[in-house]
Every structure is written in C-alpha cells, then in structure tokens.
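A.B. asks: Next come a sequence and a model predicted from it.
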Amino acid sequence: QVVESGGGLVQPGGSLTLSCAAFGFNLEDSHIAWFRQAPGKEREGVSCISRGNGTPYVVDSLKGRFTVSGDSAKNTVYLQMNNLKPEDTAVYFCAAEVPRRHMLCALYRETYDYWGQGAQVTVSS
C-alpha cells in the first residue's frame, strides 16, 4: 500500500512537497512513480525513482522544477515541486511496482501494482 500526503492550495511560483509512504514492503524492493491527472485529461507520468532511493527520473518538461527523492529510513518517497504553475493543478498519485520486475523505473501506468488515493494540488492566486 502507498499513501500520498502534502497536497494543497499554493500560489503560482510557490512550492509543495508531496510524500508517498510505503506500507507492507521496503522501498528497496520497489520502484515508485508519480503520476498526475488534471480535470478532463489523461493521467500522465511525472517522475519515478528506482529501488526506493536509487536512480531518479523526471520528465523533461518538469526538469528543473520537480525533484524526486527517497528516504529508506522513513520508507517514503518525496516529490518536491518548485515554481508551481496553474497548469500543474492536478490530482497527484504515487504508485509502486512491487516486487520490482524491471531494472529501472519507467512511467508506464500498467507497470505499477499499487496506487495511492491521490493528493489534490491546486495552483491558483
């Protein structure tokens, strides 16, 4: 099971950090991904991290603003979002591939076995 937290309302240019806590498995045994879904749009991949705190990946369009990291001691993955824009408004989901079946994480929805309930992020003045 994975549980997101940290969503909320933020002004354009602000920052938020989302947390994805893993329960029932160790991050090292999984890949964790972040996806987001804006109203009326398809769910899209944002970022992922391999083996809990290994190789991070952020989609090109968000590089420089979004950062993913993991804390094995807390069994939690974080998505740090800076310089937020109104178009970042969406429900953000974390997902876990466990057990790991691939060498590295990837942003294919069908890869992931467990999904959180989602965290609403709203960027508005």
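C.D. replies: Ah, there it is.

A.B. asks: Check which helix or strand the residue most central in space within the chain maps to.
C.D. replies: For the chain, residue 34 is the residue whose C-alpha lies nearest the centre (Cα atoms, centre = their mean; 2.5 Å). In this structure, residue 34 sits in strand 31-37 according to DSSP states H and E.

A.B. asks: How about the helix or strand following that strand, which residues are buried there?
C.D. replies: Remark: after strand 31-37, the chain's next helix or strand is strand 44-50, criterion DSSP H and E. For strand 44-50, burial by neighbour count (16 or more other Cβ atoms under 10 Å) applies to 45, 46, 47, 48, 49, 50. To be clear about C-beta, it is placed using only N, CA and C from the backbone, and glycine gets the same treatment.

A.B. asks: Which single one of those residues is nearest to residue 69?
C.D. replies: The closest of the buried residues of strand 44-50 to residue 69 turns out to be residue 49 (Cβ to Cβ; 7.1 Å).

A.B. asks: give the contact list for that closest one.
C.D. replies: By Cβ atoms under 8 Å, 6 or more residues apart in numbering, residue 49 lies in contact with 31, 32, 33, 55, 56, 57, 68, 69, 70, 77, 105.

A.B. asks: which of those lies closest to residue 39?
C.D. replies: Distances from residue 39 to those, taken by Cβ to Cβ, are shortest for residue 33, at 21.0 Å.

A.B. asks: Give the closest residue to the closest one in space, chain neighbours not counted.
C.D. replies: Nearest non-adjacent residue to residue 33, counting by Cβ to Cβ, 6 or more residues apart in numbering: residue 48, 3.8 Å away.

A.B. asks: ok, now how distant is the one you found from residue 124?
C.D. replies: Taking Cβ to Cβ, to the nearest Å as the measure, residue 48 falls 27 Å from residue 124.

A.B. asks: And for residue 84?
C.D. replies: 10 Å.

A.B. asks: Then residue 81?
C.D. replies: From residue 81 across to residue 124, the span is 15 Å (Cβ to Cβ).
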